[in-house]
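In: Provide a 3D model corresponding to the input given below.
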Amino acid sequence: MAILKKANNINIQVSNKYTSFSKVSHEESEEVIIEATKQNLELSSQKRTLMQGFGKDGAGDEDCKEGVIKVSYKLIGKAKREPGFKYDGSKAEDMFFADSPAASASIKNDPVFKLSDATLGKYLDQLMESLSIGDMETVALEMSERFKNGTGGTYKSETLNKEIANNPAFTKYHNDFLSKIKDQLKKNSYDLNSVSQMPMDLLHFSSFWDKVSGLGITVHQVWSVKSEISDYSYNKCTKMWNGKLKYTFYDHFGLDWDDVVKHGGDRIPQYHTGDFFKAWYILQHYRSAKPFITEMERTVYLGGNSDRD
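Out: Numbers count the residues shown, from 1 in each chain. As a prediction, this is how the structure comes out:
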């Protein structure tokens with residue numbers, strides 16, 4: 001969207017060819033120099049290129065008489081429900097275990113209910129394998145194993161974080177939320193301290209690729225989310241602002257009865273997919289398996305100019 005470079009000096013020497021591709025590029029150092037030794041030096045952006053010098057003739061943070069706003073940390077956004085709990089504050093149904101719910105008593109008459117824990121566990125693994133590929137299959141099987149072992153707690157995975165970061169659904173989600181942040185910064189003269197905490201929508205992965213590659217079965221729609229801005233700075237002289245935005249997503253690896261009602265008859269991608277979902281539910285609510293919270297993170301560097309945003 002934009003290129004932002006901020007330093008006392010910038011120096012990069014290019015004798016032949018220099019190419020850099022990224023969604024987000026953040027560079028910070030005491031001194032950076034860019035030099036094309038034979039031909040032209042070209043900097044381009046789909047929107048704009050911002051370059052600001054803070055040398056003797058500029059107005060860095062220390063020299064800005066109008067002042068610099070600095071905020072080390074702020075919780076900027078949050079979902080309406082907490083991890084593990086419903087909107088009304090009661091415990092989420094898919095986080096209960098070994099509770100033999102009255103609503104699902106009919107499952108006791110299903111042939112799957114009579115299977116051993118070992119067979120039910122194999123069914124769950126088959127479900128994970130049939131709806132994930134590559135590194136995400138490893139993640140899915142790790143989650144299945146944690147569930148079957150009754151470990152509980154919180155599961156984290158760098159592979160899962162990277163998968164989310166590269167997903168188009170997250171890109172759209174981030175752009176939409178970033179627009180809200182910028183709107184609030186404008187309304188509050190770029191004083192982050194004056195920006196109120198914003199309600200956040202829930203990110204979901206429902207494309208065909210998500211369903212076959214792993215995010216659909218391991219996450220699908222996150223249960224909760226929060227966003228935090230750290231190291232925020234706004235220079236009133238240069239009008240430059242920057243900071244780090246961290247998303248933390250939460251989901252439940254567990255099922256409620258509605259999940260079985262919805263998927264208990266599935267025959268895709270395998271004929272017994274519906275039975276695999278039943279096995280997942282039975283292990284959790286009638287045997288010794290235990291659901292857990294999946295926590296995912298993504299940090300994005302922010303920056304801009306209040307005169308141009």
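
In: In the stretch 51-200 of the chain, where is pLDDT below threshold?
Out: 51-60 (pLDDT under 70).

In: mind running it again at 80?
Out: Along the stretch 51-200 of the chain, segments meeting pLDDT under 80 span 51-62.

In: What segments of it are strands?
Out: Listed in chain order, the strands of the stretch 51-200 of the chain (DSSP state E, counting those that start in this stretch) span 68-78, 154-155, 198-199.

In: So which of these is nearest Lys172?
Out: With respect to Lys172, and counting by C-beta to C-beta, the nearest of the strands of the stretch 51-200 of the chain is strand 68-78 at 16.0 Å. To be clear about C-beta, it is placed using only N, CA and C from the backbone, and glycine gets the same treatment.

In: The closest one packs against which elements?
Out: strand 198-199, strand 224-235 (3 or more C-beta pairs under 8 Å, 6 or more residues apart in numbering; DSSP states H and E).

In: now the helix or strand following the last one and strand 224-235, what's the angle there?
Out: Once strand 224-235 ends, the next helix or strand along the chain (criterion: DSSP states H and E) is strand 240-253. Strand 240-253 and strand 224-235 meet at an angle of 170 degrees, taking axes from the mean of the first three to the mean of the last three C-alpha atoms, to 10 degrees as the criterion.

In: distance between the helix or strand following strand 240-253 and the chain's centre?
Out: Sequence order places helix 257-263 as the next helix or strand after strand 240-253, per DSSP H and E. Computed by C-alpha atoms, centre = their mean, to the nearest Å, the chain-centroid distance of helix 257-263 equals 26 Å.

In: go on, stretch 179-190?
Out: Distance, centroid of stretch 179-190 to centroid of chain: 22 Å (C-alpha atoms, centre = their mean).

In: buried set for that stretch?
Out: Within stretch 179-190, the residues that count as buried by 16 or more other C-beta atoms under 10 Å are 181-182, 184-185, 190.

In: what sits up against it?
Out: For stretch 179-190, contacts defined as C-beta atoms under 8 Å, 6 or more residues apart in numbering pick out 69, 76, 192, 194-196, 198, 229, 234, 241, 245, 302, 304, 306, 309.

In: and those, which two are the farthest apart?
Out: Ser196 and Gly304 (20.1 Å).

In: if we can go back for a sec, who wins for proximity to Ala103 among the strands of the stretch 51-200 of the chain?
Out: strand 154-155 (26.9 Å).

In: strands paired with the closest one, and their directions?
Out: strand 292-305 (parallel) (DSSP bridges).

In: for Ser196, phi and psi?
Out: Backbone torsions for Ser196, taken as degrees, to the nearest 10, come to phi -80, psi 150.

In: From Leu124, how far out is the nearest residue to it once chain neighbours are set aside?
Out: Excluding the flanking residues, the one nearest Ser196 by C-beta to C-beta, 6 or more residues apart in numbering is Gln184, at 7.4 Å. In this view, Gln184 and Leu124 are 44 Å apart by C-beta to C-beta, to the nearest Å.

In: do the same with Trp241
Out: 48 Å.

In: for Met95, same thing?
Out: 17 Å.

In: Those two: which has the busier surroundings?
Out: Between Met95 and Leu124, counted using other C-beta atoms under 10 Å, Leu124 has the larger neighbour count: 26 against 21.

In: ok, now which ones touch the more buried one?
Out: Applying C-beta under 8 Å, 6+ apart to Leu124 gives the contacts 144, 147-148, 276, 279-280, 283.

In: for the strands of the stretch 51-200 of the chain, which one sits closest to Pro269?
Out: strand 154-155 (24.1 Å).

In: Distance from the chain centre to the closest one, please.
Out: 15 Å.

In: Repeat that for stretch 138-145.
Out: The gap between the average C-alpha position of stretch 138-145 and the chain average comes to 19 Å, counting by C-alpha atoms, centre = their mean.

In: List the buried residues for that stretch?
Out: So, applying 16+ other C-beta under 10 Å, buried residues of stretch 138-145: 139-140, 142-144.

In: My read is that Tyr155 contacts Met296, right?
Out: No. Using C-beta atoms under 8 Å, Tyr155 makes no contact with Met296, being 9.5 Å away.
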